[in-house]
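Student: structure for the following, please:
(2 chains)
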Amino acid sequence: MRVALFITCVNDTLYPGTGRAVVSLLRRLGCEVDFPEAQTCCGQMHLNTGYQDEARRLARRFRAVFARHEIVVVPSGSCAATIREHYPRLGVETPRVVELTEFLVDVLGVTDVGAYFPHRVTYHPTCHSLRGLRLGDRPETLLRAVRGLELVPLPGAEECCGFGGTFAVKNPAVSAAMCADKCRAVLDTGAEVLCAADNSCLTHLGGALHRQRTGVRVVHIAEILASTEQDKPAGTPIASGRGR
Amino acid sequence: MSGTFLGMPAFPANAARAVQDSQLRHNLRKATHTIRAKRLSTIAEVPDWRELREAAKAVKDATLRDLDRHLLCLEEQVTATGGHVHWARDAAEACRIVAGLVRATGETEVVKVKSMATQEIGLNEALAEHGIEAYETDLAELIVQLGDDRPSHILVPAIHRNRAEIREIFLRSMPDAPPGLTDEPAALAEAARLHLRQRFLASKVAISGANFAVAETGTLVVLESEGNGRMCLTLPETLISVVGIEKIVPTWRDLEIFLQVLPRSSTGERMNPYTSTWTGATEGQTFHLVLLDNGRTDVLADEIGRQALRCIRCSACLNVCPVYERAGGHAYGSVYPGPIGAILTPQMRGMGSPLDASLPYASTLCGACYDACPVAIDIPEVLVHLRARAPHPPAERAAMGAAAWTFSRAVRLTRAQRLASRLRRLLPRRLPGPLSAWTDTRDLPEVPAESFRDWWSRTQGGPR
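Tutor: So this is what the prediction gives:
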């Protein structure tokens, strides 16, 4: 199957490891991956901050870049939700856009992707994955099938982490308060790894977990699903370190 | 704390103070999580909740489309059954009408049923200017009024107070509070009951709002929990009801839907303890209905914003909102706090003040409010819509413009990424200016040596 990858500007710029993981995972599952190099950003930040004209231009740009592709895979719940839910409101029609776990479960029909990740992991369903795309238990289903992985439930998982794009700098006090509660919930699980399907929320959560020296690392779900026994040391995600 | 929201700073500053208030945080967490759980369990009992929600939304939308017709029908029915109907364009006109009606009775005291519309127009303060004292009779509103405080929740306006504070307020401001009053909830409620009983028996004029107005018969409906509403609606000789024009439902069949969804969404009860309905003037009572616009027709003119007029003031959105839970109601500077306030207040008051302009941004767009709303108001959609109309700070506008310019060509993004990669060791750990809000509580991610696109163009996706 041939798919186009929309990597998203955040992953492209800050988390190339997530992108490499998506490519390796999709190829392992027999997909031919195209990466249209003219792609940039979906416009979510502009749209959600009130810059509709800029957002519309980026939406049209996205449409032009991916016009010839049948299906576009996006390793980000919030970008996928922006394209699928908000582009129509901006009057922009797009080809079929699916979030990564949707693609794996619904399109490829796999739940065991042959991954190995011997760690205790908790999963945070980000708001756009949960209430926007309605991913349901697709991510957890994929994680449960990973060998060596112990999935522990996150209390209050459905609650927002407080990132909210520019909300994090426009309303820093509330954002930090929400983040503190989410971090406490993560620490209560005793997990080594916090996983999500959106690196923007993980930048916020990981930044706080790192600042607090919790020793909990954040990993995008693609990196866990791409990990195999061949990786060295065993089960280390392809991405290098995060946070400084 | 005083009884006005005027001149308050913007939401972020208000919220920054509130999140450090441990008592407030504790009260809000406990109260909202309790109501949240109750709501979820009572809604789970209703097999056709989704259909009810769709029906509620459809009825409200259809009614708003023909609002003029339904309002005239309501006026005709209320008049035919002995009531008097008044039309108020804005808050000042509504207050003038009500003050005039009370003065005509010769009374200087009125009792009030909890009402958002009268809070919205600042009726108590307006009446005080005319030498008329308005007494709130809902327990929580009484606490707010005696404490010279402001409501912080639509349904539970004293949600920010605990029982020790309530005891102090009663002892300080309620003349007939028993001297040995404890902070036991039953003792506090009994003290309030005895205090209010005297008011009910002595007052000749009552003022209420209404949850619904049924156009086909001209019937007003009030849902409440304490029975104070029933006392106010039945005992006084004159009843004045101030009702927003969007409260209308065409028929009793339509009302049936809302009598199911409102209690479950607001208090998490299957049914509220008291539902009062009245049609026109009952025997021995004079009845006035003041229909209030106060910006509602402007909201109606906005194709996306108008869904806010479906609101039935249940507060389900407040109780599930993570921002409300931490910022509290006062931070929103309006009688309508929380997610619904963030879309109602800027539409009704405009975005001329820093506070009102900050309200559309008082949300992470997490969508919990939309899921909880019994009339399916897509609050995140309206927030984003309002953000597009809000004034934008110049520095932000410049940054967004620069970002849009960078994203408009892949080559520009590539150059920016390479520059960031080259400077990655030099980038500060703490960001300057407004961006310090990020690094105050969060470490920055490491900038990679190579972006994904550069890796792709170098390797075509790596080994196969």
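
Student: so for the top helix by length along chain B, what's the average pLDDT?
Tutor: Using DSSP state H to define each element, chain B has its longest helix at helix B:22-44. The pLDDT scores in helix B:22-44 average 95.

Student: who's in contact with the host helix or strand of B:Ala55?
Tutor: Element membership for B:Ala55, per DSSP states H and E: helix B:49-65. Helix B:49-65 is contacted from outside by B:43, B:46, B:70, B:246, B:248-250, B:254, B:257-258, B:260-261, B:300, B:306-307, B:309-310, B:312, B:374-376, using Cβ atoms under 8 Å, 6 or more residues apart in numbering or on different chains. (Each C-beta comes from the backbone N, C-alpha and C, glycine too.)

Student: kindly report the same for stretch A:48-58.
Tutor: Applying Cβ under 8 Å, 6+ apart, the contact partners of stretch A:48-58 are A:40-44, A:46-47, A:82, A:90-92, A:165-166, B:360, B:365, B:384, B:386-390, B:392, B:396, B:400-401, B:404, B:407-408.

Student: for that stretch, give the mean pLDDT please.
Tutor: For stretch A:48-58, the mean pLDDT works out to 97.

Student: buried residues in it?
Tutor: For stretch A:48-58, the neighbour count (16 or more other Cβ atoms under 10 Å in any protein chain shown) marks A:48-52, A:54-58 as buried.

Student: can you flag which of those belong to strands?
Tutor: Taking DSSP state E, every one of these sits outside strands.

Student: now, which of the residues you listed lie within helices?
Tutor: Residues of the buried residues of stretch A:48-58 located in helices (DSSP H): A:48-49, A:52, A:54-58.

Student: now do the helix or strand just after the helix holding B:Ala55: which elements does it pack against?
Tutor: Counting by DSSP H and E, the next helix or strand C-terminal to helix B:49-65 is helix B:67-80. The criterion is 3 or more Cβ pairs under 8 Å, 6 or more residues apart in numbering or on different chains; DSSP states H and E, and the helices and strands that helix B:67-80 contacts are strand B:84-88, strand B:248-249, strand B:286-292.

Student: could you rerun that using 6 Å?
Tutor: On a contact count with 3 or more Cβ pairs under 6 Å, 6 or more residues apart in numbering or on different chains; DSSP states H and E, helix B:67-80 meets strand B:84-88.

Student: may I see the buried residues of the strand it packs on?
Tutor: By neighbour count on 16+ other Cβ under 10 Å, the buried set for strand B:84-88 is B:84-86, B:88.

Student: quick one: these as JSON lines, columns for distance to A:Glu159 and pLDDT too.
Tutor: As requested, the buried residues of strand B:84-88 are arranged in JSON lines below (distance: Cβ to Cβ, whole Å; pLDDT from 0 to 100):
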{"residue": "B:His84", "distance to A:Glu159": "49", "pLDDT": "98"}
{"residue": "B:Val85", "distance to A:Glu159": "46", "pLDDT": "98"}
{"residue": "B:His86", "distance to A:Glu159": "45", "pLDDT": "98"}
{"residue": "B:Ala88", "distance to A:Glu159": "41", "pLDDT": "98"}
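
Student: which stretches of chain A aren't confidently modelled?
Tutor: Counting by pLDDT under 70, chain A has low-confidence residues at A:232-244.

Student: hmm, I was thinking of chain B
Tutor: Within chain B, the ranges that satisfy pLDDT under 70 run B:1-4, B:6.

Student: the strands in it, which residues?
Tutor: For chain B, strands defined by DSSP E occupy the ranges B:84-88, B:109-112, B:133-136, B:205-208, B:212-214, B:219-224, B:238-244, B:248-249, B:274-279, B:286-292.

Student: adding distance to B:Leu74, write these out as JSON lines.
Tutor: Shown next, in JSON lines, are those (distance: least, Cβ to Cβ, whole Å):
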{"stretch": "strand B:84-88", "distance to B:Leu74": "8"}
{"stretch": "strand B:109-112", "distance to B:Leu74": "22"}
{"stretch": "strand B:133-136", "distance to B:Leu74": "25"}
{"stretch": "strand B:205-208", "distance to B:Leu74": "16"}
{"stretch": "strand B:212-214", "distance to B:Leu74": "6"}
{"stretch": "strand B:219-224", "distance to B:Leu74": "9"}
{"stretch": "strand B:238-244", "distance to B:Leu74": "9"}
{"stretch": "strand B:248-249", "distance to B:Leu74": "6"}
{"stretch": "strand B:274-279", "distance to B:Leu74": "11"}
{"stretch": "strand B:286-292", "distance to B:Leu74": "8"}
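
Student: JSON lines please, covering the ones you listed and showing distance to chain A.
Tutor: Formatted as JSON lines, the strands of chain B follow (distance: least, Cβ to the nearest Cβ, whole Å):
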{"stretch": "strand B:84-88", "distance to chain A": "33"}
{"stretch": "strand B:109-112", "distance to chain A": "33"}
{"stretch": "strand B:133-136", "distance to chain A": "30"}
{"stretch": "strand B:205-208", "distance to chain A": "35"}
{"stretch": "strand B:212-214", "distance to chain A": "29"}
{"stretch": "strand B:219-224", "distance to chain A": "29"}
{"stretch": "strand B:238-244", "distance to chain A": "28"}
{"stretch": "strand B:248-249", "distance to chain A": "29"}
{"stretch": "strand B:274-279", "distance to chain A": "33"}
{"stretch": "strand B:286-292", "distance to chain A": "30"}
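
Student: please name the nearest non-neighbouring residue to B:Arg36.
Tutor: B:Asn319 (5.3 Å; Cβ to Cβ, 6 or more residues apart in numbering or on different chains).

Student: for the one you found, give me its contacts.
Tutor: Applying Cβ atoms under 6 Å, 6 or more residues apart in numbering or on different chains, we find B:Asn319 in contact with B:32, B:35-36.
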